[in-house]
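> A predicted structure for the sequence below; I have some questions about it.
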Amino acid sequence: MMDRMESRFSAYTDKPKDDGIGKSEYDTITVKNVIISGSMVEEIVKNNNLQNYKITQFNKAYYNDLVESFDEITTWSKKDRALLSSEQFFSLEVEKHQVSKRKDTIKVLFKRKLDNKFIETVLMRFEDGRNTVCVSCMVGCPVNCTFCATGKLGFNGNLNAKEIVDQIMYFARYLKKENAKITNVVYMGMGEPMLNLENVQKSIEVLTDENKFGLGGRRITVSTSGYVAQFNKLVSDGFRGRVAISLHAPNQALREQLMPVAKAYSLDQVMEALDNYVTLTNKRVSYEYILIDGVNDSEQNALELSDLLKNRLAHVNLIPYNPIDGVMYKRSTQENIQLFSKILKQKGINYSLRVTMGDDINAACGQLAGLNLAPKT
Ligand code: SAH
Ligand code: SF4
């Protein structure tokens, strides 16, 4: 989601409760990567008979003061800091840091230290002061939606929780130099969050822990293409952030044409899961709707979408399609975009029309593909 929204979401304040998520595959492979779960520091403190307040000191320096290396944690003695020396401070390497012409969008190409594969992360700086990081949770994506550049890469691995959090830490440290802070995190970069749920949940836990990154739950948005079972688990585990669904079609037949996941989970099942989330949380769901010329942008489509969402706590984000290399779809015409919006308005459906950000650096919605540098695997 690299686009500017014209309207703001309503605010809410719940925090996800501790969901007691187990270990991920990566914890066992790279034990040194678990710093963010707190267990690494806790273990070091425990194993070396350090006093417990060291954990608080560590978290403050790391997440609050945003130190650039363990050596900068001067509340710990040099001797204590030496205990951290075998741990990894940052799990990613910066390959490319690109700023858009308008300077409101920054896209970073990271190389994973784990396997040298590439991911992309975007920072959007809004005039109202919001600084939103759009994080990736996978290298590529297995879902293969017909319109998405990330999907064209195929699946090249799940990120672990530290790698997800490190994308945010990078921009938090970057913004600190300008006396600015990250205000929002959206899981709308590369990958499908529901298919890497455990690591996504762990990263949310760290981001919302007031002793760690300390972001309010309402400032986190998770987007899914519609994996119902995993979404239900996220909600029943206590997630109380915001939810976005990549809808893109108002009926089952069209949705199946655009998104393979629709064959696994029907539109009815998706709507039922979202209704359940709304009942539990009383929070509005964002419905992402790409406007593709001649595919899903007719008057009939707008009427169907209005029917689907009437009487629901819903907000539609209309996203003019961002062109992708090798894909024949075209962006809807201005005329059709206006007509589509008008119908939603007439029918009393909440919506906003996104203004694309960062398309000059291929940072707009659906364009993340680690262009040029990503190795073909
Ligand atoms: N996998 C999750 C998270 C990615 S969010 C999901 O699909 O929800 C990225 C958003 O950009 C999704 O809503 C996606 O459908 C949308 N998108 C993908 N390709 C796009 C394109 N070419 N133009 C505009 N939006 C696109
Ligand atoms: Fe994956 Fe989302 Fe792109 Fe579909 S839209 S291929 S789920 S990243």
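Here it is on my side, so go on. Ligands and ions are numbered 1, 2, ... in the order given.

> if I pick Met138, what's in contact with it?
Shown in contact with Met138 (CB atoms under 8 Å, 6 or more residues apart in numbering): Ile119, Phe155, Asn156, Gly157, Asn158, Leu159, Met190, Gly191, Glu192, Leu195, Asn196. C-beta: built from backbone N, CA, C; applies to glycine.

> residues of the protein that sit close to ligand 1?
Contact residues, the chain versus ligand 1 (CB under 6 Å from any ligand atom): 1, 147-148, 188, 192, 223-225, 246, 288, 290, 319, 321-322, 324, 365-366.

> can you do 8 Å?
Counting by CB under 8 Å from any ligand atom, the residues of the chain lying close to ligand 1 are 1, 3, 141, 143, 145, 147-151, 186-193, 223-225, 244-246, 248, 259, 288, 290, 319-324, 327, 329, 364-367.

> returning to what we had before: now intersect the contacts of Met138 with the helices, please.
The helices, defined by DSSP state H, take in nothing from the contacts of Met138.

> which one of the residues you listed sits closest to ligand 1?
Glu192 (4.1 Å; CB to the nearest ligand atom).

> so how far is Lys111 from the closest one?
Glu192 is 22 Å from Lys111, where distance means CB to CB, to the nearest Å.

> neighbour-wise, which of those two wins?
Set side by side, Glu192 and Lys111 show unequal neighbour counts under other CB atoms under 10 Å, the larger going to Glu192 at 26 against 19.

> how about the closest residue to the more buried one other than its chain neighbours, phi and psi?
In space, Glu192 comes closest to Val143 once its chain neighbours are excluded; the distance is 5.0 Å by CB to CB, 6 or more residues apart in numbering. Dihedral pair for Val143: phi -80, psi -30, per degrees, to the nearest 10.

> same thing with Thr56?
When quoted as degrees, to the nearest 10, the phi and psi of Thr56 stand at phi -60, psi -40.

> same check, this time on Ser341
Dihedral pair for Ser341: phi -60, psi -40, per degrees, to the nearest 10.

> do the same with Thr105
Listed backbone geometry of Thr105 is phi -130, psi 130, with angles given as degrees, to the nearest 10.

> what about it, neighbour count?
Thr105 has 25 neighbours, counted by other CB under 10 Å.

> before we move on, the earlier item: out of the contacts of Met138, flag the one nearest to Lys176.
In terms of CB to CB, no member of the contacts of Met138 lies closer to Lys176 than Ile119, at 22.2 Å.

> do I have it right that the closest one meets Tyr170?
No: because the distance of 11.5 Å does not satisfy CB atoms under 8 Å, Ile119 is recorded as not touching Tyr170.

> overlap of the contact sets of the two?
Joint contacts of Ile119 and Tyr170 (CB under 8 Å, 6+ apart) are Leu92, Phe110.

> neighbour count for those two, which is higher?
Regarding Ile119 and Tyr170, a neighbour count based on other CB under 10 Å identifies Ile119 as having more, with 30 against 19.

> dig out what the more buried one forms beta bridges with.
The residues listed as beta-bridge partners of Ile119 by DSSP bridges are Phe110.

> list the contacts for it?
By CB under 8 Å, 6+ apart, the contact list for Ile119 reads 92, 109-110, 112, 136, 138-139, 159, 163, 167, 189-190, 370.

> show me what contacts the residue in the stretch 51-200 of the chain that ligand 2 sits nearest to?
Nearest residue of the stretch 51-200 of the chain to ligand 2, counting by CB to the nearest ligand atom: Gly151, 2.7 Å away. Taking CB under 8 Å, 6+ apart, we find Gly151 in contact with Gly140, Cys141, Val143, Asn144, Cys145.

> please report phi then psi for the fourth one.
I take that to be Asn144. For Asn144, the backbone dihedrals are phi 60, psi 50 (criterion: degrees, to the nearest 10).

> noted, bye for now.
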